[in-house]
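Q: Any chance you can model this:
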Amino acid sequence: MAILNRVVDMIEDMPNIQWIFLADDDTILGVQRLCEVLSCYRGGAALTLLGERYGYGYGKRETAAKGYDYITGGGGHSGQCGRGACTAHLRLRRAQRTRRHDTRRLRQAT
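A: The predicted structure is shown next:
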């Protein structure tokens, strides 16, 4: 999360930035093709997160109804920053996490 917070700080005053792409140092990608694919998403006020989708619990008949999808980080993540949605979302999460830590400290002190 620290790297995303740093990126949010860097792009806050850059309205032309539309996407953040986070990948491992050993991820191979074609930047031009990635830009072409991401241009297919319209964006808007909503936050759009893209990544490789996996399903947990779908493979067994007993757990199929309880399964869920999740985005893995192996191939990287894309987050759309249109109209400040990405930065606003990450700042909100940071503020919520900070409040949680403050509450935890208060509980430990009493």
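
Q: The residue nearest to Thr63 when sequence neighbours are not counted: what's it in contact with?
A: Counting by C-beta to C-beta, 6 or more residues apart in numbering, the nearest residue to Thr63 once its immediate chain neighbours are dropped is Gly57, at 4.1 Å. Glycine gets a C-beta too; all of them are placed from N, C-alpha and C. By C-beta atoms under 8 Å, 6 or more residues apart in numbering, Gly57 lies in contact with Thr63, Ala64, Lys66, Gly67, Tyr68.

Q: Could you single out the nearest of these to Arg6?
A: Minimum separation from Arg6 among the contacts of Gly57 (C-beta to C-beta) is found for Tyr68, which lies at 29.9 Å.

Q: which ones are touching the closest one?
A: For Tyr68, the contacting residues are Gly55, Tyr56, Gly57, by C-beta under 8 Å, 6+ apart.
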